[in-house]
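# One predicted model, sequence on top.
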Amino acid sequence: MASETAERFQALMLSREGEATQVALVSLGEDDLMEGDVVVDVSHSSMNYKDALALTGAAPVVRRFPMIPGIDLAGRVRASRHPDFKAGDAVVLNGYGLGETHYGGYAARARVKGDWLVPLENITPFEAMALGTAGYTAMLCVMALERHLVRQTEGQVLVTGAAGGVGSVAVALLAELGYRVVASTGRLEEADYLKSLGAEEVIDRRELSEPATRPLGKERWCGAIDTVGSHTLANVLAQTRYGGCVAACGLAQGSDLPVTVMPFILRSVTLAGVDSVQAPMALRREAWLRLDQLIDRAKLRAMTRTVRLADVPALAPDFLAGRVRGRIVVEIG
């Protein structure tokens, strides 16, 4: 047991010096990890918008230092004191403060609470991180539209920020379910990519990103998944058809929402907020089960590239500048 504890492994570590966030590749032992009743050998993590914010210090994502970033992880249980998990079990973890208040997925080993883990059955750890927090969030958004009775026969469904991680998976999931998908992006050169995922139409984000001149616009879609916020979300709501629903999960354009009550009281539009960090375990398990059933593995591979742990810090500025397509898997172990 002592020899296992003494084994060293690599991790990315964030520290804070004044106003600057420092990133270093360090060697740790298991005794350096935080509390928990399950130790996981992490084989894969992923890169998300929130990870880029943490790595650059562009927003106060990390709430304690030093911190191992990485808001999700997948791998196999190394040791467990939790009754639901045993050594060798494949697991995935998203949210619960991972990479923010608890050491995250950018390390070859993690000690976490078993109550945070979702068992993987048909999805491999690589596929789980090709989906990652982005794919899991996209599934939660699709489920929100379904709960609010957005039907495939009622018209088109919009996805904003469609070339990003959440957007790419959302386009693929909606298309697989038979929805007619409109993809909004600031990178029209990605139109062929988005159509290969199932988008019926691709529009320029500038149609939605400017301040609205009227509280209501022409009714265009029966539902939407918005990853952008701010003026984009306001315009999406103003152009949603009567009785429609917009699932909102992001703030790439901003956290403000300059909207009137008109879409809600004159068109009965629903704004459904989607949180992936503290979502109840029953909802998480349902989302991962649905992802296993719905995701086209060929489309998932097409939207995914793999990088090494050491490559991650250099990618963060590209993420924040909107230059990253689809999903990035970080190969850890």
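Arrived safely, thanks for sending.
# Using neighbour counts, pick out the buried residues of the lengthiest helix in the chain.
Identified as the longest helix of the chain according to DSSP state H is helix 125-147. Judged by neighbour count (16 or more other C-beta atoms under 10 Å), helix 125-147 contains these buried residues: 125-145. The way it works is simple: take the backbone N, C-alpha and C, and place the C-beta from them, glycine included.
# Not counting sequence-adjacent ones, nearest residue to the spatially most central residue of the chain?
Geometric centre of the chain, nearest residue: Ala134, 2.0 Å, by C-alpha atoms, centre = their mean. Nearest residue to Ala134 in three dimensions, chain neighbours excluded: Gly165, at 3.2 Å (C-beta to C-beta, 6 or more residues apart in numbering).
# Ala248 too?
Counting by C-beta to C-beta, 6+ apart, Ala248 lies nearest to Asp226, which is 4.8 Å off, once chain neighbours are set aside.
# so how many other residues sit close to that neighbour?
Using other C-beta atoms under 10 Å, the number of residues around Asp226 comes to 32.
# again, but for Arg111
A count of neighbours around Arg111, defined by other C-beta under 10 Å, yields 19.
# Quick one: list the elements packing against the helix or strand containing it.
Here Arg111, judged by DSSP states H and E, is contained in strand 109-112. With contacts defined as 3 or more C-beta pairs under 8 Å, 6 or more residues apart in numbering; DSSP states H and E, strand 109-112 has these neighbours: strand 38-47, strand 72-80.
# Run me through the strand neighbours of it, direction for each.
strand 38-47 (antiparallel) (DSSP bridges).
# next structured bit after the strand it pairs with?
Counting by DSSP H and E, the element after strand 38-47 in chain order, helix or strand, is helix 49-56.
# could you give the angle of that next one to helix 125-147?
Computed by axes from the mean of the first three to the mean of the last three C-alpha atoms, to 10 degrees, the angle separating helix 49-56 from helix 125-147 equals 120 degrees.
# picking that back up, list phi and psi for the residue nearest to Ala134.
Here is the backbone geometry of Gly165 (degrees, to the nearest 10): phi -70, psi -60.
# Could you count how many residues lie near it?
Neighbour count for Gly165, taken as other C-beta under 10 Å: 29.
# and it, what does it touch?
48-49, 132, 134-135, 324, 326-328 (C-beta atoms under 8 Å, 6 or more residues apart in numbering).
# do the same with Val169
Per C-beta under 8 Å, 6+ apart, neighbours of Val169: 131, 134-135, 138-139, 295, 303, 327.
# Pull the residues that contact the helix or strand where Leu14 lies.
In this assignment (DSSP H and E), Leu14 forms part of strand 8-17. For strand 8-17, contacts defined as C-beta under 8 Å, 6+ apart pick out 21-29, 54-55, 57, 62, 65-70, 103, 106-109, 309, 312-313.
# What about the residues you listed, which are in strands?
Mapping the contacts of strand 8-17 onto strands (DSSP state E) picks out 21-29, 109.
# top of these by neighbour count?
Arg109 (24 neighbours).
# ok, back up a step: for the strand holding Leu14, give the mean pLDDT please.
Mean per-residue pLDDT for strand 8-17: 94.
# Now do it: distance to the chain's middle.
Relative to the centre of its chain, strand 8-17 is centred 23 Å away, using C-alpha atoms, centre = their mean, to the nearest Å.
# Can you give me the buried ones in that strand?
Counting neighbours by 16+ other C-beta under 10 Å, strand 8-17 gives 9-14 as buried.
# Quick check: Val157 touching His148?
No - Val157 is beyond contact range of His148, at 11.9 Å (criterion: C-beta atoms under 8 Å).
# sorry, back to before: alpha carbons only: can I get the strand holding Leu14 in CSV?
What follows is strand 8-17, C-alpha atoms only, in CSV (Å, rounded to 0.1, in the frame of the first residue of the first chain):
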residue,chain,number,x,y,z
ARG,A,8,4.2,9.8,-8.8
PHE,A,9,1.9,11.1,-11.5
GLN,A,10,1.7,14.2,-13.7
ALA,A,11,-0.8,17.0,-13.2
LEU,A,12,-1.4,20.5,-14.3
MET,A,13,-1.4,22.9,-11.4
LEU,A,14,-2.7,26.4,-11.2
SER,A,15,-1.4,29.0,-8.8
ARG,A,16,-2.0,32.6,-8.2
GLU,A,17,0.6,35.3,-8.0
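# List the contacts of Phe126.
43-44, 74, 329.
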